[in-house]
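Participant: mind looking at a prediction? Sequence and model below.
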Amino acid sequence: MSRYWGRRLLQAVPLSLGVVVLTFVLIHTAPGDPVATLAGEQSTAQYQTQLRHDLGLDRPLYVQLVRYVAAIFRGNLGYSFTFGQPVLALILARTPATLLLMGTALVISTILGVALGVETATHVRSPWWNLASVAAAIAYSLPAFWVGEILILIFAVQFRWLPIVGMTSLGGYSGLAHWLDLGRHLVLPTLTLVSFNLALFARLTRASMLEVLAQEYVVVARAKGLTPRNVIYKHALRSALLPVITIVGLNLGTMLAGFVLVETVFGWPGLGRLTFDAVGARDYPVISGLFLLTSEAVIAANLLTDLLYGIVDPRVRYE
Amino acid sequence: MLGGSIVALLALAALCAPLLTPYDPLRRGGLALLTPRVGHWFGTDDLGRDTFTQVVYGMRVSLMIGITSAATAVVIGVLVGACAGYFGGAADDVLMRLTELFQVVPRIFLLILMVALLGQRLVVITAAIGVLSWPGTARLVRAEFLSRREAEYVMAARAIGAGAARIIFRQILPNSLAPVVVNGSLLVGGAILLEAGLAFFGLGDQNIISLGQMIYAAFPLMRDAWWASLFPGLFLSLIVVAFNLVGDGLNEILNPRALPR
């Protein structure tokens, strides 16, 4: 068991380093000379040379790469010109908001999506099946930010039931009222995110369940006289969920795109909004910092799912 | 099947764009912010441009971007997957690590970085999307190759002296194309959505109208001109849904295991 974990950890390391190197390469393909920009138009060539030496930009590229990696390990991701804060602090400050939105949306879409997937996998002959398939395909294809806009138009502008943007109202409530207000603001963005992810989970679960239900041990379980509910939920679902988890882990990068866009549409003060603002201001330190951190987060999440997979499915450990 | 007909219809409309509308999509100066009416079926935007025209022309661009980047991704993916699956060993390891790297990285950020740094031109956007979408195809192709590598017809081909390239392209690849095609259809939808997402960040190509850009431009107008965001989004979704349905339909035909017994 620990050998499997050790191997997976070892595999994750070059991946993480690869991301760092990739970020470094991308930063250095940026057009323009940062030294010239920093030093200003009136500077002399001598000053520029001095500045270049001070910043370490005259060293060979591999030396710069090493220094970059070292800086990252010390937590120095650069400084944001637009926001006036160190990048890491900026990102960390916005993370809780994103986690709140993401967590809520993921929990709801997982539970509902898996349930829907199981239902469509088991009630195959019913007329609902085609309808559900098409509905899922549609929900999966709609651009998340557009759905968000439409929802805002309908619920917030037209009917004025729910607030339009932001995480909290300006009133500054405290105590219970604060949480209620937060909840009201949470509804529309969560709804938007859930619609997409729900379809994804439902499709994946359905495909996986169909394969599992065709297996022999399910037939045996039914023949033993177990109730259908028992067979489905206690036996089939467990095996069916594993590939779903893996695929979700691999698709986390894509799902992040949805989160980023939805946050922007709803003015949710999280990482997505930060991305939007940073891109608009061409604030490269922030953008690359975000890229680096989110990539590492996805790698970590994948590692976690792989490790969990190893616990749940013993066959994997001995590959 | 439904998807196929939708795609055909939309493609037809996109190709015949100049015939469908008398307006020049970029021409400004018409009456601004008109609600949908006869003559301007989808209304006009804040600069007086007819929305219907923009949608029709925009569909062209979106379709083109989607298909081109998906094609690029498929080509790269097939090459990588075939080499990894056929040669195995060290090549497989290296290529698979590379595939993992590109698969795990959140595409949207990398895409933003690449387009922001390399320029907001159509070519860059299409190439960047293509370059970031190949991992799925590569994995599929690799799996297919791994399972077919030891087949008898491959051994026979080797016995008569066929080189590796010939075996890959003439023998194994034609048999492996089914899931690639399905995946390709889904890739088109994904590519179109990615481009729309980029445009929403303001990183689209400024010289061309695409549906994503229209949604981006309509965002601040949401309160006053609901039609400006509704219609481009509607048609964007329609295109993506169509391609996804086509992919699903193809999957049902080519992969009978996916259907319930």
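Facilitator: Noted; the coordinates are in hand.
Participant: helices along chain B, start to end?
Facilitator: B:2-15, B:17-20, B:51-87, B:89-104, B:107-118, B:122-132, B:134-148, B:152-159, B:164-166, B:173-200, B:211-218, B:226-254 (DSSP state H).
Participant: now do the contacts for B:Ser133.
Facilitator: B:69-70, B:72-73, B:77, B:107, B:187, B:190-191, B:194 (Cβ atoms under 8 Å, 6 or more residues apart in numbering or on different chains). Backbone N, C-alpha and C define where each C-beta goes, glycine included.
Participant: same check, this time on A:Gln50
Facilitator: Listed by Cβ under 8 Å, 6+ apart, A:Gln50 has no contact partners.
Participant: mind listing what's buried in the helix or strand that it is a member of?
Facilitator: Using DSSP states H and E, A:Gln50 falls within helix A:45-55. Residues A:48, A:51-52 are the ones in helix A:45-55 that count as buried (16 or more other Cβ atoms under 10 Å in any protein chain shown).
Participant: can you tell me the closest non-neighbouring residue to whatever residue of the stretch 151-261 of chain B ends up closest to chain A?
Facilitator: Using Cβ to the nearest Cβ, B:Gly233 is the residue of the stretch 151-261 of chain B that sits closest to chain A, at 3.5 Å. Leaving aside its chain neighbours, B:Gly233 sits nearest to A:Trp146 (3.5 Å; criterion: Cβ to Cβ, 6 or more residues apart in numbering or on different chains).
Participant: which SS state does that neighbour fall under?
Facilitator: Here A:Trp146 is helix, with the state taken from DSSP: H, G, I helix; E, B strand; the rest coil.
Participant: neighbours around it, how many?
Facilitator: 26 (other Cβ atoms under 10 Å in any protein chain shown).
Participant: and stretch B:94-101, how far from the chain's centre?
Facilitator: Chain-centre distance of stretch B:94-101: 22 Å, with Cα atoms, centre = their mean, to the nearest Å.
Participant: residues in contact with that stretch?
Facilitator: A:14-15, A:18-19, A:22, B:80, B:83-84, B:135, B:138-139, B:142.
Participant: and it, what's buried?
Facilitator: By neighbour count on 16+ other Cβ under 10 Å, the buried set for stretch B:94-101 is B:95-96, B:99-101.
Participant: can I assume B:Tyr153 is in contact with B:Pro174?
Facilitator: No: taking contacts as Cβ atoms under 8 Å, B:Tyr153 lies outside contact range of B:Pro174: 11.2 Å.
Participant: ok, these two, which is more surrounded?
Facilitator: B:Tyr153 (12 against 8).
Participant: rewinding a little: of the buried residues of stretch B:94-101, which is the nearest to chain A?
Facilitator: Within the buried residues of stretch B:94-101, proximity to chain A (Cβ to the nearest Cβ) peaks at B:Leu101, which comes in at 4.9 Å.
Participant: and the contacts of B:Ser133, which two are furthest apart?
Facilitator: Within the contacts of B:Ser133, B:Gly77 and B:Leu194 form the most distant pair, 15.7 Å apart (Cβ to Cβ).
Participant: re the thing from before, may I have the helix holding A:Gln50 as CSV, with CA atoms only?
Facilitator: Taking Å, rounded to 0.1, in the frame of the first residue of the first chain, the C-alpha atoms of helix A:45-55 are listed here in CSV:
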residue,chain,number,x,y,z
ALA,A,45,21.9,52.4,-20.8
GLN,A,46,24.2,52.2,-17.8
TYR,A,47,21.2,52.3,-15.4
GLN,A,48,19.5,49.6,-17.3
THR,A,49,22.5,47.4,-17.2
GLN,A,50,22.7,48.0,-13.5
LEU,A,51,19.0,47.3,-13.0
ARG,A,52,19.3,44.1,-15.0
HIS,A,53,22.2,43.0,-12.9
ASP,A,54,20.4,43.8,-9.7
LEU,A,55,17.3,41.9,-10.7
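Participant: tell me how far it lies from the chain's centre.
Facilitator: Relative to the mean C-alpha coordinate of its chain, helix A:45-55 is positioned 40 Å out (Cα atoms, centre = their mean).
Participant: around chain B, pick out the residues from the stretch 101-250 of chain A.
Facilitator: A:121, A:124, A:133-134, A:137-138, A:140-143, A:145-146, A:149-150, A:152-153, A:157, A:207, A:210-211, A:213-214, A:250 (Cβ under 8 Å from any Cβ of the partner chain).
Participant: could you find the closest non-adjacent residue to B:Leu132?
Facilitator: For B:Leu132, the nearest residue in space outside its immediate sequence neighbours is B:Arg107; the separation is 4.8 Å by Cβ to Cβ, 6+ apart.
Participant: just B:Glu144 next, same as before
Facilitator: Counting by Cβ to Cβ, 6+ apart, the residue nearest B:Glu144 is B:Ser176, at 3.7 Å.
Participant: give the buried residues for stretch B:109-126.
Facilitator: Buried, per 16+ other Cβ under 10 Å, within stretch B:109-126: B:109-118, B:120, B:122, B:124-126.
Participant: and those residues, which is closest to A:Thr227?
Facilitator: For these, the nearest to A:Thr227 is B:Phe109 (47.7 Å; Cβ to Cβ).
Participant: thought the closest one was touching A:Leu290?
Facilitator: Yes: counting by Cβ under 8 Å, A:Leu290 is a contact partner of B:Phe109 at 6.0 Å.
Participant: what is in contact with these two at once?
Facilitator: With contacts taken as Cβ under 8 Å, 6+ apart, the residues that reach both B:Phe109 and A:Leu290 are A:Thr275.
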